[in-house]
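Engineer: What follows is a predicted structure for the sequence shown.
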Amino acid sequence: MIALFALTSCTSSSQQGNAPIPSEIEAGQQGDSSAIPTPLPTRPSYKPGELVDYTAQDGDTLPALAKRFNTTIDEILEANPQIPRNATTMPPGMPMNIPIYYRALWGSPFQIIPDHAFVNSPSGTGFSTAAFVAAQSGWLKDYRAYISGEWKSGAELVDYVAINYSINPRLLLAILEYQGGALTQPEPPVSKKVLGLERLFWDTPYLQLVLAANVLNNGYYGWRIGSLIEFEDGESIIIRPDPWQNAGSVALQYYYSRMFTGDEYNHAVGFNGLAHTYETFFGNPWDEEITFIPGSLQQPELLLPFPSDQTWSFTGGPHTGWGTGEPFSALDFAPPSEQSGCVPANPENYATAVADGLVVRSSIDGVALDLDRDGNERTGWVIYYLHLATNQRAPLGSDLKAGDIIGYPSCEGGRSTGTHVHVARKYNGEWIVADSAIPFVLSGWTVHNGGSAYLGTLTKGGLTVIACECGDAYTAISGNYP
């Protein structure tokens, strides 16, 4: 049974999973914006527990599917005996039967964009944002902003947001064009808020793009883990994404619900909205065959991010990898110190590589350790570090062994109230949620969520370590524990 499950994971993730109502939406679902859209059908009122057909999509897990279809993991397993109970990710393209319990107001089954085109994934390899923007006539080509102590061009700003949030730069460009004419119009819209996102003093195109990326990730990972199954638009109208939807499409629905309502919202998430803009400039993303999140994905063996003979404090349970809110992919560890706050770490208290890998990014905004050593942060397993001090930080190109020094914990980069190192995982560009079907495990310690961000525990054998900024005895963790 397990072998059969593993074999199915070779199916290409370009297959769209979904809704068993293809006739009316097939052309649009494949991104053919030239087709004349017809009214989208609505879901019937399913009988409680009725089995419906579903085709597994990238990154699907049993807990998330159970929440989307308003059912339970046990019922899904009973209907699909080929799936082992300890399964992590479902093999894309695998047919499934899912017991469904109807919820009213399920939304559009139209899929806007595949997940690989949402994430800064292998599909973005070889794309030059600078060359693309330079070839366009719009205002983004001449836009500049002063960020992190230097002037950056419009293309550089898009890449900066894309890398840090791990969102595909082509999607960010399409959003800037759809709402602000960034690629075709000589001037930005009259409104200072190019993307219509409200936050005091966050009016510039760059800051609007930062806000957009954060909202997009909250939508994407909320759907990915099953915590976001409904939301409201600006008029307090409930939107419940169709259970057959994919994470990238729900992220865009959630994003556009923050600024649009009614017909304007329906257009943005429909055939001729953002999907049409994306296809106009970058082609049909559904045509690209790429293995994005394979079935039965497993984390490689990882060590704690400090020397094994030392005891550090677990100061931050699962919280965002970058930005605010989802994804809760990162953990924090602080070295022993007689002082609290932002103080230099002792020379022996350095952060270490959690596995063998190649440093493919090294700056105040983080260090990326590429475990497959192909030099591409978009592919394979990557471990992301933040708050490493500039002094003695591993430089770009460093080929490290597990346990080698990668830098010193500090308060540099982002917000921090004390010296520590922040560690998160990505696979093919997607942030991997810490407490998930693919749990974050370091030297045998397994992470668990707490009641909110930064809370939580690490467990190993009969031991439990509790996350707390206080750095007391209950937070102490050592790599030497067998």
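Structural biologist: Right, received. Where do you want to start? Note that this is a predicted model, so its numbers are computed, not measured. Numbering: from 1, shown residues only.
Engineer: Show the contacting residues for the closest residue to His420 other than its chain neighbours.
Structural biologist: Residue nearest to His420 in three dimensions, not counting chain neighbours: Ala334, with 4.0 Å by CB to CB, 6 or more residues apart in numbering. Every residue, glycine included, has its C-beta placed from N, CA and C. Ala334 makes contacts with Trp312, Ser313, Thr315, Pro409, Gly418, Thr419, His420, Val421, Gly471, as judged by CB atoms under 8 Å, 6 or more residues apart in numbering.
Engineer: Closest one of those residues to Lys152?
Structural biologist: Val421 (26.7 Å; CB to CB).
Engineer: give me the number of residues near that closest one?
Structural biologist: 29 (other CB atoms under 10 Å).
Engineer: Look up how far Asp58 lies from it.
Structural biologist: 30 Å (CB to CB, to the nearest Å).
Engineer: Next, give phi and psi for Phe333.
Structural biologist: For Phe333, the backbone dihedrals (degrees, to the nearest 10) come out as phi -130, psi 140.
Engineer: wait, Glu156
Structural biologist: The phi/psi pair for Glu156 (degrees, to the nearest 10) is phi -70, psi -40.
Engineer: excluding its backbone neighbours, what's nearest it?
Structural biologist: That would be Ala130: by CB to CB, 6+ apart, it lies 7.2 Å from Glu156.
Engineer: how about the one you found, secondary structure?
Structural biologist: Under DSSP: H, G, I helix; E, B strand; the rest coil, the three-state class of Ala130 is helix.
Engineer: Domain ranges for the protein, per the record?
Structural biologist: Structural domains assigned to the chain are 2-100, 115-287, 311-478, following automatic domain parsing.
Engineer: ends of the longest one, how far apart?
Structural biologist: Using CA to CA, to the nearest Å, the gap from the first to the last residue of domain 115-287 comes to 13 Å.
Engineer: same deal with stretch 352-365?
Structural biologist: Taking CA to CA, the first and last residues of stretch 352-365 lie 17 Å apart.
Engineer: Check which residues of that stretch are buried.
Structural biologist: Thr352, Ala353, Val354, Ala355, Gly357, Leu358, Val359, Val360, Arg361, Ser362, Ile364, Asp365 (16 or more other CB atoms under 10 Å).
Engineer: can I get the residues you listed in CSV with secondary structure and distance to Thr390?
Structural biologist: Output for the buried residues of stretch 352-365, formatted as CSV (DSSP: H, G, I helix; E, B strand; the rest coil; distance: CB to CB, whole Å):
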residue, secondary structure, distance to Thr390
Thr352, strand, 18
Ala353, coil, 18
Val354, coil, 21
Ala355, coil, 24
Gly357, strand, 20
Leu358, strand, 20
Val359, strand, 14
Val360, strand, 18
Arg361, strand, 14
Ser362, strand, 10
Ile364, coil, 7
Asp365, coil, 11
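Engineer: Tell me which two of those sit farthest apart.
Structural biologist: Ala355 and Ile364, at 23.2 Å, using CB to CB across those.
Engineer: Find the least confident helix or strand in the protein, judged by mean pLDDT.
Structural biologist: helix 22-29 (a mean of 36; mean pLDDT, DSSP states H and E).
Engineer: which secondary structure element contains Asp74?
Structural biologist: helix 73-79 (DSSP states H and E).
Engineer: Which other helices and strands does the helix or strand following that helix contact?
Structural biologist: Later in the chain than helix 73-79, the nearest helix or strand by DSSP H and E is strand 95-100. Applying 3 or more CB pairs under 8 Å, 6 or more residues apart in numbering; DSSP states H and E, one finds that strand 95-100 contacts strand 50-55, helix 73-79.
Engineer: Show residues contacting whichever helix or strand comes after strand 95-100.
Structural biologist: Following strand 95-100 in sequence order, the next helix or strand is helix 115-118 (DSSP H and E). If you take CB under 8 Å, 6+ apart as the criterion, helix 115-118 is touched by 13, 57-59, 121-123, 167-168, 170-171, 216, 220, 246-248, 251-252, 278, 285, 288, 290, 292-293, 428, 430.
Engineer: From those residues, which land in helices?
Structural biologist: Judged by DSSP state H, the contacts of helix 115-118 include Arg170, Leu171, Leu216, Tyr220, Ala247, Gly248, Ala251, Leu252, Tyr278 as members of helices.
Engineer: Many thanks, we can stop here.
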